[in-house]
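Trainee: missing the sequence, but the structure's below:
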Ligand SMILES: [Zn+2]
Ligand SMILES: [Zn+2]
């Protein structure tokens with residue numbers, strides 16, 4: 001019996017290195033993040049560098065965002081004064097105004113939204129909003145991983161027949177895996193897909 005007895009890392013533990021698709025040349029780029037203050041390993045205290053060996057692209061400090069945005073409006077209706085609360089779907093581009101109709105009087109008007117970087121899309125890395133490179137379809141789902149260490153960790157978990165899940169680590173990466181990944185009936189398929197992802201990565205020349 002193979003026992004999975006590794007520490008219960010949170011997903012963010014693996015995010016210090018992310019293989020991502022370069023927005024300029026579509027090769028594999030790296031997003032490397034240094035945590036300056038281990039005690040306060042919060043996102044804003046991190047410095048992330050995006051670099052691509054193939055086209056020479058370098059971006060620092062998360063200034064540029066390649067992902068999508070969500071607009072948020074919280075303002076009185078210009079017609080009847082009721083509160084207009086609206087959160088847009090993730091959008092490719094921001095715009096100065098969003099046209100929204102009031103729930104109460106149904107009047108359509110353009111309002112100035114606040115824009116936020118949309119980070120809930122898990123097959124994208126959280127610093128620049130790029131697609132992660134290590135992703136593969138499994139039935140109608142997507143399996144994604146930040147790097148090879150992350151991949152190996154998941155592989156060790158999937159291989160193990162004895163999985164300790166005693167609820168101590170409520171917010172760990174493993175606990176938060178979707179059921180289709182944990183399901184024993186998908187074990188062989190997922191191992192095969194993980195193996196293929198690994199092969200794909202190793203086959204890339206001049207990394
Ligand atoms: Zn590139
Ligand atoms: Zn209104």
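Mentor: That came through fine. Just so it is clear, the structure is predicted and the values come from calculations on it, not from any experiment. Ligands and ions are numbered 1, 2, ... in the order given.

Trainee: what pLDDT does the model give the nearest residue to residue 107 once chain neighbours are set aside?
Mentor: Excluding its sequence neighbours, the residue lying closest to residue 107 (CB to CB, 6 or more residues apart in numbering) is residue 79, at 3.9 Å. Glycine gets a C-beta too; all of them are placed from N, C-alpha and C. Note on residue 79: pLDDT of 95.

Trainee: cool, and residue 159?
Mentor: Note for residue 159: predicted pLDDT of 88.

Trainee: and the nearest residue to residue 172 once chain neighbours are set aside, how many neighbours?
Mentor: Spatial nearest neighbour of residue 172, excluding adjacent residues (CB to CB, 6+ apart): residue 8 at 3.6 Å. By other CB atoms under 10 Å, the residues close to residue 8 number 15.

Trainee: stretch 52-67: end-to-end distance?
Mentor: In stretch 52-67, first residue to last residue: 17 Å (CA to CA, to the nearest Å).

Trainee: which residues does that stretch contact?
Mentor: Stretch 52-67 is contacted from outside by 22-25, 27-30, 47-51, 117-119, 121, 124, 127-130, 206-207, using CB atoms under 8 Å, 6 or more residues apart in numbering.

Trainee: check those against ligand 1, which are close?
Mentor: 22, 24-25 (CB under 5 Å from the ion).

Trainee: including neighbour count and pLDDT, could those residues go into JSON lines?
Mentor: Below are these laid out as JSON lines (neighbours: other CB atoms under 10 Å; pLDDT from 0 to 100):
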{"residue": "22", "neighbour count": "22", "pLDDT": "97"}
{"residue": "24", "neighbour count": "14", "pLDDT": "96"}
{"residue": "25", "neighbour count": "14", "pLDDT": "97"}
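
Trainee: I'd like these as a markdown table, with distance to ligand 2 and secondary structure appended.
Mentor: A markdown table is the format used below for those (distance: CB to the ion, whole Å; DSSP: H, G, I helix; E, B strand; the rest coil):
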| residue | distance to ligand 2 | secondary structure |
| --- | --- | --- |
| 22 | 46 | coil |
| 24 | 45 | coil |
| 25 | 48 | coil |
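
Trainee: for those residues, which one is nearest residue 137?
Mentor: Using CB to CB, residue 22 comes nearest to residue 137 of those, at 21.3 Å.
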